[in-house]
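In: With the sequence up front, the predicted model follows.
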2 protein chains.
Amino acid sequence: MKLYDYYRSSAAYRVRIALNLKGIRPDERSFVHLRMGNQRAQDYLALNPQGLVPALALDGGAVLTQSLAIIEYLDETHPSPALLPDDPAGRARVRSLALTIACEIHPLNNLRVLNYLTGTLGVSNGQKDGWYRYWVDVGFEALEKRLAREAETGRYCHGDTPTLADIFLVPQVANARRFSIDLSPYPTLTRIDAACCALPAFAEAAPARQPDAE
Amino acid sequence: MKLYDYYRSSAAYRVRIALNLKGIRPDERSFVHLRMGNQRAQDYLALNPQGLVPALALDGGAVLTQSLAIIEYLDETHPSPALLPDDPAGRARVRSLALTIACEIHPLNNLRVLNYLTGTLGVSNGQKDGWYRYWVDVGFEALEKRLAREAETGRYCHGDTPTLADIFLVPQVANARRFSIDLSPYPTLTRIDAACCALPAFAEAAPARQPDAE
């Protein structure tokens, strides 16, 4: 299996954490430099018409895209340790927490969207930063409320072992720190983030630890 | 089970299709009028701190949120007809197609984001419409390329029975039509959309057929 990766992509960061938790080492890694536009190169687009990272090429020839689909695949084909709880309602809770990040925060704040704001729409850098912070705060407020009040929350987002929800939380918290967002209103999120980052699987997936980090 | 719904929400539309395909009839439906701001009412926020529809309240008291998490729950608890194929790579493909819509198109074009653009950022209605069209086109171009060339595409997005991918595609195509987006560059998407809309489960979930439609 070959992973198409970029150190600063938080979607790729999620997949790196999942691979580490599962103890899977891709045979090969290719680094797609997003700020240099390598995701729009013809050979990469032939592989992944969306021009996004990550992608995971399987030995049989299939190319998997979209971080959540990739991680569900890894969880189905390498069941231990499980990234989702056993009960359907628990699984729905974990997926919902992950999707709150995947659908309500991350898509609004990725590079191509920020470029559209400052380029096509001509908004100022200050307005762009305000947009970034706004969507992080809206999403984190809802997550903090849920995680603080729901009985299923444990050392991690769901109980005392890491799940899909933690895999999505940690890269988003790292992004928020990079944009100097005040995290003091989110004590549950930062507590869980710290618990995750103490685990080698999470720590070794961090952007700064990747071979292509600048 | 009680469904919190809004006729025009495409995330709720997805859940309605899934319920119809499974032959599940919620005991109760509550309509949360998004344009009137009912999603920000205290009693709704107590139920779902994200203030988004849909939500599915289970008889045991759990409240499920995020359309994809809800539909995966329905598929796990009511396995027939299956909304995902049996093989892990096929499941990853279907989830990836659905997530391309759920993460790359829909979040950029929902009501609260459009309101931020015209309100906080003061962009014109023309610029807002351009933004809407741009993200639909970027996502649909990638989807069209994949669906046109990949051998797994059949009468529907994946083979000859409807899956999660079709459930996400149809509401997004309906939205694109509502915004008068030219769909002629997407013959595969419109062919699959037509095949789906010929099925009662899809047709009866359409916004215009809901009791709260205006």
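Out: On my side now, so go ahead. Residues are numbered from 1 along each chain as shown, chains lettered A, B, ... in the order given.

In: Tell me where the model's unsure across chain A.
Out: Along chain A, the model assigns pLDDT under 70 to no residue.

In: Could you list the domains of it?
Out: Listed by automatic domain parsing, the domain ranges of chain A are A:2-81, A:88-202.

In: Report whether the longest one contacts chain B.
Out: Spelled out, that is domain A:88-202. Yes - Domain A:88-202 is in contact with chain B by Cβ under 8 Å from any Cβ of the partner chain, via A:88-89, A:91-93, A:95-96, A:99-100, A:102-104, A:106-108, A:113, A:116-117, A:120-121, A:123, A:127, A:130-131, A:134, A:141-142, A:145-146. Using the backbone N, CA and C atoms, a C-beta is placed for each residue, glycine as well.

In: Mean neighbour count added to the domains of chain A, as TSV?
Out: As requested, these are exported to TSV (neighbours: other Cβ atoms under 10 Å in any protein chain shown):
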stretch	mean neighbour count
domain A:2-81	19
domain A:88-202	19
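
In: For my notes, please list those in CSV and give distance to B:R40 for each entry.
Out: As requested, the domains of chain A are exported to CSV (distance: least, Cβ to Cβ, whole Å):
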stretch, distance to B:R40
domain A:2-81, 28
domain A:88-202, 12
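
In: what's the closest of these to B:A62?
Out: Ranking those by their distance to B:A62 (criterion: Cβ to Cβ) puts domain A:88-202 first, at 4.8 Å.

In: what packs against the biggest helix by length in chain A?
Out: Determined from DSSP state H, the single longest helix within chain A is helix A:125-149. Helices and strands touching helix A:125-149, by 3 or more Cβ pairs under 8 Å, 6 or more residues apart in numbering or on different chains; DSSP states H and E, are helix A:88-104, helix A:111-118, helix A:164-178, helix A:187-197.

In: The residue located most distally from the centre of chain A: what secondary structure?
Out: Ranked by distance from the centre of chain A (Cα atoms, centre = their mean), the top residue is A:G122, with 28.1 Å. Secondary structure for A:G122, judged by DSSP: H, G, I helix; E, B strand; the rest coil, is coil.

In: any idea how far it is from B:Y134?
Out: In this structure, A:G122 and B:Y134 are 15 Å apart, going by Cβ to Cβ, to the nearest Å.

In: cool, A:T188 as well?
Out: Counting by Cβ to Cβ - A:T188 and B:Y134 are separated by 36 Å.

In: I'd like to check the angle between the longest helix of chain A and helix A:187-197, please.
Out: Between helix A:125-149 and helix A:187-197, the angle comes out at 90 degrees (axes from the mean of the first three to the mean of the last three Cα atoms, to 10 degrees).

In: quick check: angle from helix A:125-149 to helix B:111-118?
Out: Counting by the same axes, to 10 degrees, helix A:125-149 lies at 150 degrees to helix B:111-118.

In: distance between helix A:125-149 and the chain's centre?
Out: The chain centroid and the centroid of helix A:125-149 are separated by 16 Å, computed with Cα atoms, centre = their mean, to the nearest Å.

In: any residues touching that helix, and which ones?
Out: Residues lying outside helix A:125-149 but in contact with it, judged by Cβ atoms under 8 Å, 6 or more residues apart in numbering or on different chains, are A:97, A:100-101, A:104-105, A:108-109, A:114, A:117-118, A:123, A:153, A:157, A:169, A:172, A:175-176, A:179, A:181, A:183, A:185-189, A:192, B:49-51, B:116, B:120-121.

In: phi, psi of the residue farthest from the centre of chain A?
Out: phi 60, psi 30 (degrees, to the nearest 10).

In: Just the CA atoms of stretch A:1-15, as PDB, please.
Out: What follows is the C-alpha trace of stretch A:1-15 in PDB, where atoms were taken according to Å, rounded to 0.1, in the frame of the first residue of the first chain:
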ATOM      1  CA  MET A   1       0.000   0.000   0.000                       C
ATOM      2  CA  LYS A   2       1.200   3.500  -0.800                       C
ATOM      3  CA  LEU A   3       0.100   6.600   1.000                       C
ATOM      4  CA  TYR A   4      -0.100  10.000  -0.700                       C
ATOM      5  CA  ASP A   5       0.600  12.400   2.100                       C
ATOM      6  CA  TYR A   6       1.400  16.000   3.000                       C
ATOM      7  CA  TYR A   7       2.700  16.900   6.400                       C
ATOM      8  CA  ARG A   8       0.400  19.900   6.900                       C
ATOM      9  CA  SER A   9      -2.900  18.400   5.600                       C
ATOM     10  CA  SER A  10      -5.000  17.600   8.600                       C
ATOM     11  CA  ALA A  11      -6.900  15.000   6.600                       C
ATOM     12  CA  ALA A  12      -3.600  13.200   5.900                       C
ATOM     13  CA  TYR A  13      -2.700  13.600   9.600                       C
ATOM     14  CA  ARG A  14      -5.900  11.700  10.500                       C
ATOM     15  CA  VAL A  15      -4.900   8.800   8.300                       C
END
